[in-house]
Each structure stands twice: as C-alpha cells, then as structure tokens.
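Asks: Prediction below, plus the sequence it came from.
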Amino acid sequence: VLLVYLLARTDGHIPVVTLLLAGVVINAVMVAFQTLILTLSPRSTFGVQALFTWLSGGIAVTSWQPVIIVGIIIVLGIVCALGFPGVLDAFALGEESAAHLGLRVEWYKLFFIALASLITAAAVSISGLIGFVGLVIPHMMRLLLGPGHRLLLPASAFAGAIFLILADLLARVIIAPSVLPVGIFTALVGAPFFLFLLRHNKRSYRW
C-alpha cells in the first residue's frame with residue numbers, strides 16, 4: 001500500500017486515477033511473482049497447498065484466537081472511521097468540493113487509505129482473497145439507506161458479514177463433504193449486481 005501511495009504521489013497530491021493505476025500495476029507485479037513461486041515450487045509442499053487454499057478464499061479457521069484478534073482490529077477500525085462521518089460525506093461529493101469545505105483533503109485521504117488498508121489486511125489474513133464483498137455490499141446499502149456514512153458504515157459491515165456467511169454456507173453444502181471456494185458464490189452474486197450498478201449509474205446514481 002505504501003508503495004502504491006508513493007508511486008501515485010504527484011507534486012504533493014494523490015490523484016484518484018493515478019492511485020488506481022498504480023494499484024493495478026503493483027497488483028500485476030505481485031501476481032507475477034506469486035505465479036512464479038507457485039510454478040517453481042513442488043506441488044506436494046504443504047506451504048504451496050496452503051497458499052492455493054488461501055488464494056481461493058474461505059473463512060475456515062482452526063481456532064478462535066485469530067478470529068478474536070482480527071475482529072478487534074476490524075471493530076476498532078470501523079469505530080475510528082465512524083468518528084469522521086462528515087468528512088466521508090464531504091469526500092462523497094468529490095475532492096474539489098471537500099477542499100472547498102475546508103478539509104485537508106490529502107491528509108484525510110492518507111488517513112483513510114491507511115485505515116482501510118489495515119482493516120482489509122486483517123480480514124484477508126484469515127479469509128484469503130474473496131472478491132466483490134467490499135465492492136458491492138456498500139453500494140447496495142447506499143441504494144437502500146442513502147449516502148450518510150454514519151449509518152452506511154456499520155450497515156455495510158453487518159450486511160457484508162451476513163452475505164459472506166451465506167456464501168460460505170452454500171460453498172459447504174452444495175457438494176458436501178467437499179467445500180467449494182467462497183469466492184465463486186460472491187462473484188456469481190456480486191458481478192451481476194455490479195454491472196447493474198454501472199448501468200444504473202449512467203442514468204441517475206452517483207457513487
């Protein structure tokens with residue numbers, strides 16, 4: 001995340017488009033290294049098998065200790081974000097509008113990037129890579145509840161947890177006793193809904 005931030009920084013500012021492009025580039029490089037490691041490693045190695053499992057995503061853990069630790073980090077992160085609902089609402093209007101309202105845009109941007117990265121890293125450390133949950137659920141909640149972040153943040157966290165639990169339940173029962181990757185079901189639900197959001201956005205909805 002720090003590398004992406006430094007690459008995107010231009011004359012003391014972090015343009016959103018540049019930040020996204022830097023993220024795409026760094027992700028491509030990391031995926032290339034990851035593929036190289038998987039290709040060169042013996043398939044029978046326990047670490048490689050564990051990596052495959054982690055990449056496919058899942059919420060199965062062997063003890064409650066990592067869940068408690070990660071849960072504390074996530075809850076503290078959400079509570080911290082809830083301390084700035086007005087700032088997040090201003091950012092939803094655009095960076096220029098937020099600056100006109102007197103906000104220190106670059107400082108708050110760095111703060112929220114760091115906070116979101118911490119929460120995401122904590123969740124991914126035990127769940128692996130599960131797509132579309134954080135992309136679709138907040139927008140779904142925004143359609144239902146409105147743009148106010150004081151309600152939107154906890155509602156998105158709660159709805160995302162329920163969605164992931166239901167997806168995990170389906171992954172476990174469809175071809176039991178085998179377990180399918182949770183990411184299959186989150187993508188099957190999330191991708192069509194995201195396409196709906198894109199189409200809906202063209203007409204009336206901004207996010």
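Replies: Here it is on my side, so go on.
Asks: Low-confidence regions, the chain specifically.
Replies: 42-53, 62, 200-207 (pLDDT under 70).
Asks: Can you give the domain ranges for it?
Replies: 60-127, 129-207 (automatic domain parsing).
Asks: any idea which helix or strand carries the residue nearest in space to the middle of the chain?
Replies: Against the mean C-alpha coordinate of the chain, by Cα atoms, centre = their mean, the closest residue is residue 134 at 4.3 Å. Assigned by DSSP states H and E, residue 134 belongs to helix 133-145.
Asks: downstream neighbour of that helix in the secondary structure list?
Replies: With elements assigned by DSSP H and E, the helix or strand that comes after helix 133-145 is helix 149-173.
Asks: that older thread, just so I know, which of the domains of the chain lies nearest residue 9?
Replies: domain 60-127 (9.1 Å; Cβ to Cβ). (Glycine included, C-beta is placed from N, CA and C.)
Asks: for that closest one, how far is the first residue from the last?
Replies: Terminal residues of domain 60-127 lie 8 Å apart, using Cα to Cα, to the nearest Å.
Asks: ranges for the helices of this structure?
Replies: 2-8, 16-40, 46-56, 64-81, 85-92, 95-100, 105-127, 133-145, 149-173, 182-203 (DSSP state H).
Asks: Give me the angle between the last one and helix 105-127.
Replies: So that's helix 182-203. 150 degrees (axes from the mean of the first three to the mean of the last three Cα atoms, to 10 degrees).
Asks: What are the buried residues along helix 182-203?
Replies: 182-187, 189-190, 193-194, 197 (16 or more other Cβ atoms under 10 Å).
Asks: Show residues contacting stretch 143-157.
Replies: Contacting residues not belonging to stretch 143-157 are listed as 74, 78, 81-82, 85, 88-89, 92, 137-138, 141-142, 205 [Cβ atoms under 8 Å, 6 or more residues apart in numbering].
Asks: try it again with 6 Å
Replies: For stretch 143-157, contacts defined as Cβ atoms under 6 Å, 6 or more residues apart in numbering pick out 78, 81-82, 85, 88-89, 92, 137-138, 141.
Asks: Please identify the buried residues of it?
Replies: Neighbour-count burial for stretch 143-157 [16+ other Cβ under 10 Å]: 149, 152-153, 155-157.
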